[in-house]
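1. fold the following and give me the result.
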Amino acid sequence: MKKVVFTVADYGNGNDAGPKAKRDVDYYLSQSGFEVIHQQLNNKSKLDKIKTAYWVIPRLFNNIEKFDELFFQYPTYSSYVMKKLIKKMRSKSKKLFFIIHDVESLRLFQNDQTYWEGERALFNVTDGLIVHNHKMKLWLRENGVTVPMIELGIFDYNNPQKINQNSEYGRTVCFAGNLAKSKFLNKVSLQAGKLEIFGSYPSKHYLKGVSYHGQMSPDELPKKLTQNFGLVWDGDQLDTCSGKFGNYMRYNNPHKVSLYLSSGQPVIIWEKAALADFVLKNNLGIAVNSLENLDDILENITEKQYSEMKMNTIEIAKKLRKGDFIKNAVKKIENITE
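-> Predicted structure coming up:
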């Protein structure tokens, strides 16, 4: 049986965590007997997109009669190219599945019915989808996706650094990510706790208890994640996760959660985030409705409570580092579509 995971290559620098989730899926599925196929599709200009649609894509897989299974890492971040690509993939696969990294109708094109109709049509052409979690699955089903769907649970994370085993509690928190869209950080002020920030585009100044520690690659960053908790928040407010990306947390699995957990770091997450259910069910941290009282939240956690979270996190880190979640999701969707 010829099984393939197909990934359109992303353009980016080594310190950009964006492509890592797709690279890790490639890595783990290659351990399960999948052939990994990469294709660079240059979508930067209108001319590039036309060349891709009418020259590159028609020549894809021409030496292959048909794949038994083709798992495509969705999306490509060009709906124009995607419409051409789906036809080619469908014609060259007996079974076509999408591994969903982002649902753009929930992320960048919220409340855009025309965009959703196009994205929904892509999903319904497949034989099945691997989606992030139950809340994403429910939204897709309620909005017209009819194909089988399997929940991933959480993204795996190929983490080359040692798991941080230190369970000493000192009220320390870290945040890693794109700091330009994390304006809430400018409002955090701590008296007893400490918040250490990593990422691109930092502000020139932060308030008391908050410090910036630079930007590094997704493979190097875990060395620095020695704090008690990793923070999962978005937007420009402390009392809620706001804006498009804040609202998206109600449905998606932020990859930074996997970064933190795979490093042995419990998390503090917005209580309305889709992944809050996973965190609480497995006792991997705490879910909060606001960061306005972050000092009090940290003070109220006992050493015993933290030790239990830490122990659970170390166990889940081992699973994330083995690719258990994507491997199990692939098996499930294969079984229900036999």
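
2. domain map for this structure?
-> 3-156+323-336, 172-321 (automatic domain parsing).

3. let's have the ones you listed in JSON lines, adding mean neighbour count.
-> (Glycine included, C-beta is placed from N, CA and C.) Listed next are the domains of the chain as JSON lines, based on neighbours: other CB atoms under 10 Å:
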{"stretch": "domain 3-156+323-336", "mean neighbour count": "17"}
{"stretch": "domain 172-321", "mean neighbour count": "19"}
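
4. so which of the ones you listed gets nearest N164?
-> Nearest to N164 among the domains of the chain is domain 172-321 (4.0 Å), distances taken as CB to CB.

5. end to end, how far does the closest one reach?
-> Using CA to CA, to the nearest Å, one end of domain 172-321 lies 24 Å from the other.

6. same question for stretch 167-178.
-> Counting by CA to CA, the terminal residues of stretch 167-178 are separated by 28 Å.

7. residues contacting that stretch, please?
-> 17, 182, 185, 192-201, 221, 224-225, 227-231, 233, 256, 259-260, 265, 268, 294, 298-299, 301, 303, 306-307, 310-311 (CB atoms under 8 Å, 6 or more residues apart in numbering).

8. looking at the domains of the chain, which is closest to K162?
-> Proximity to K162 (CB to CB) singles out domain 172-321 among the domains of the chain, at 8.5 Å.

9. show residues contacting the least confident helix or strand in the chain by mean pLDDT.
-> Lowest mean confidence among the helices and strands of the chain (mean pLDDT, DSSP states H and E): helix 46-51, at a mean of 78. Contact with helix 46-51 is made by 42-43, 78, 80-81, as judged by CB under 8 Å, 6+ apart.

10. and the next helix or strand past that helix?
-> Next in sequence after helix 46-51, counting helices and strands by DSSP states H and E, comes strand 67-74.

11. quick one: average pLDDT of the helix or strand following that following strand?
-> The C-terminal neighbour of strand 67-74 among helices and strands, as given by DSSP H and E, is helix 79-91. With pLDDT averaged residue by residue, helix 79-91 scores 88.

12. how far off centre is helix 79-91?
-> 23 Å (CA atoms, centre = their mean, to the nearest Å).

13. what helices and strands are in contact with that helix?
-> helix 113-125 (3 or more CB pairs under 8 Å, 6 or more residues apart in numbering; DSSP states H and E).

14. direction included, what does the very next helix or strand once past the helix it packs on pair against?
-> Counting by DSSP H and E, the element after helix 113-125 in chain order, helix or strand, is strand 128-131. For strand 128-131, the pairing partners within the sheet under DSSP bridges are strand 93-100 (parallel), strand 149-151 (parallel).

15. for I163, find the nearest of the domains of the chain.
-> Counting by CB to CB, I163 lies closest to domain 172-321 out of the domains of the chain; the figure is 4.1 Å.

16. in strands only, show me the contacts of stretch 167-178.
-> 194-200, 229-231, 268 (DSSP state E).

17. ok so, going back, with distance to N62 added, can I get the strands paired with strand 128-131 in TSV?
-> What follows is the strands paired with strand 128-131, written out as TSV (distance: least, CB to CB, whole Å):
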stretch	distance to N62
strand 93-100	14
strand 149-151	31
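
18. need the pLDDT of the most centrally placed residue in the chain.
-> By CA atoms, centre = their mean, the chain has its centre lying nearest to H255, at 3.2 Å. As predicted, H255 sits at a pLDDT of 95.

19. tell me the spacing between the closest residue to it other than its chain neighbours and L298.
-> Of all residues beyond its chain neighbours, the one nearest H255 is A21 (5.1 Å), with distances taken as CB to CB, 6 or more residues apart in numbering. Distance of A21 to L298, given as CB to CB, to the nearest Å: 29 Å.

20. state the mean pLDDT of the helix or strand in which D277 is found.
-> Secondary structure assigned from DSSP H and E places D277 in helix 276-281. The average pLDDT within helix 276-281 is 98.

21. so what does that helix touch, helix or strand wise?
-> Looks like helix 276-281 contacts strand 267-270, strand 285-288 (3+ CB pairs under 8 Å, 6+ apart).

22. give me the contacts around the last one.
-> Right, the one you point to is strand 285-288. Residues outside strand 285-288 that contact it (CB under 8 Å, 6+ apart) are 229, 266-271, 273, 276, 279-280, 297, 301, 309, 313.

23. ok now it, how far from the chain's centre?
-> For strand 285-288, the distance to the chain centre is 19 Å (CA atoms, centre = their mean).

24. lovely, talk soon.
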